[in-house]
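Visitor: Provided below are the primary sequence and the corresponding predicted coordinates.
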Amino acid sequence: MSDFQPSIIVHGGAGPVKDDSLAARLDGCKVAALAGYEILRLGGSALDAAEAAVVALEDNPLFNAGTGSTLNSLGQVEMDAAIMAADGLRAGAVAALKAIKNPIKLARRVLDDGRHVLLAGEGASLFARSIDFPECDPASLIVASEKQRWDSKHGTVGCVAFDRHGQLAAATSTGGIFNKLPGRVGDSPLIGCGTYANKFGAVSCTGYGEAIMRVVMARDAVQLLQDGLDPNEAAAMALENLVELTASTAGLILIDAHGRIGFGRNTTHMPVCYVAENGVAQVAS
Ligand code: ASP
């Protein structure tokens, strides 16, 4: 084992929390961050930790990812996810996915397979079948509260992790934006837009995907780390750049090459939980 101090941060999506679910969302983030941190503490990889944390968030119906995903204009779930390791710039992503319980796990299989970076729609399902990856009934991903809601839903999830070997990884998973057109793909599975990791830093973004894509926000934030900003400064500057160019709203979490954590948002809320030096989980919203 090497001597790097591991760190991890997760987010539960940027946007207003209009109901009384903030405490439960923070709890969900804490459970996910601690699941990932345990892997890091035992010497596991940032990639495995980021995947495990996002699985925990996808399985929590409060968040707009996996079970509990928001619905498109046809009332169906279509999910996007990406995972990236700084080491070798390895990346895997899936988009417009309908019948997979944990999209981040399939994204990881795309990464491990190594032939492609992003598989979408029917092609992603065919890939899942070719590797005997279990599919689920799409109806099982729809929770009652989603059927009833007609305002926009947020709650995309993400994780960035730094392991004992000094390696970084980022992962993001989402049901996208409420009432989107079928086939719409957001920023989350697009490498450099919603998700990015290289040797200078790793980032997961959340917010209005159409704006995040246009400014290539995750890559922008990593460039700011490379330019010497600390992670919180880089988060603030990436948000400033987004606002200047698109007047839009978003949030992001990031870790730099030293394992230092940062996050920022220009929305009213973005539940986050992070664990660093002392192993104690800290939450913020
Ligand atoms: N960025 C996601 C998307 O546009 C949504 C979100 O973060 O809430 O698909």
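Guide: Structure's in. What do you need?
Visitor: give me the buried positions along the helix of greatest length in the chain.
Guide: Using DSSP state H, we find that the single longest helix of the chain is helix 22-41. Using 16 or more other CB atoms under 10 Å as the test for burial, helix 22-41 gives 25-41. (Glycine included, C-beta is placed from N, CA and C.)
Visitor: can you check stretch 83-96 too?
Guide: By neighbour count with 16+ other CB under 10 Å, stretch 83-96 contains the buried residues 83, 84, 85, 86, 87, 90, 91, 92, 93, 94, 95, 96.
Visitor: how near is residue 35 to the ligand?
Guide: Distance, residue 35 to the ligand, by CB to the nearest ligand atom, to the nearest Å: 21 Å.
Visitor: ok, now which ones touch that residue?
Guide: Shown in contact with residue 35 (CB atoms under 8 Å, 6 or more residues apart in numbering): 52, 53, 56.
Visitor: nearest to residue 261, of the residues you listed?
Guide: If you rank the contacts of residue 35 by distance to residue 261 using CB to CB, residue 53 comes first, at 13.6 Å.
Visitor: neighbours around residue 126, how many?
Guide: Counted with other CB atoms under 10 Å, residues neighbouring residue 126 total 10.
Visitor: how near is it to the ligand?
Guide: When distance is defined by CB to the nearest ligand atom, residue 126 is 23 Å away from the ligand.
Visitor: secondary structure element for that residue?
Guide: Using DSSP states H and E, residue 126 sits within helix 121-130.
Visitor: and the ligand, which of the contacts of residue 35 contact it?
Guide: Counting by CB under 6 Å from any ligand atom, nothing from the contacts of residue 35 sits close to the ligand.
Visitor: most neighbours among those residues, please name it.
Guide: Compared across the contacts of residue 35, residue 53 has the highest neighbour count, 32 neighbours, by other CB under 10 Å.
Visitor: flag every residue of the stretch 51-200 of the chain that's near the ligand.
Guide: Neighbours of the ligand within the stretch 51-200 of the chain, by CB under 6 Å from any ligand atom: 154, 156, 174, 176, 177, 186, 187, 188, 194.
Visitor: among the residues you listed, name the buried ones.
Guide: Among those, those classed as buried by 16+ other CB under 10 Å are 154, 156, 174, 176, 177, 186, 187, 188, 194.
Visitor: who's in contact with residue 19?
Guide: Going by CB under 8 Å, 6+ apart, the list of residues near residue 19 is empty.
Visitor: against residue 59, how distant is it?
Guide: Remark: distance between residue 19 and residue 59 (CB to CB, to the nearest Å) = 20 Å.
Visitor: equivalent analysis for residue 131, please.
Guide: The gap separating residue 131 from residue 59 is 21 Å, by CB to CB.
Visitor: neighbour count winner among these two?
Guide: residue 59 (17 against 11).
Visitor: just to check, the more buried one is in contact with residue 53?
Guide: No - between residue 59 and residue 53 there is no contact under CB atoms under 8 Å: 11.2 Å.
Visitor: per-residue pLDDT, residue 208?
Guide: pLDDT, residue 208: 93.
Visitor: pLDDT weak spots in the stretch 151-285 of the chain?
Guide: Applying pLDDT under 70 to the stretch 151-285 of the chain flags the ranges 151-154.
Visitor: all helices for it, in order.
Guide: 209-215, 217-226, 231-246 (DSSP state H, counting those that start in this stretch).
Visitor: make a markdown table out of those and add distance to the ligand and mean neighbour count.
Guide: Listed next are the helices of the stretch 151-285 of the chain as a markdown table, based on distance: least, CB to the nearest ligand atom, whole Å; neighbours: other CB atoms under 10 Å:
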| stretch | distance to the ligand | mean neighbour count |
| --- | --- | --- |
| helix 209-215 | 2 | 20 |
| helix 217-226 | 10 | 24 |
| helix 231-246 | 12 | 19 |
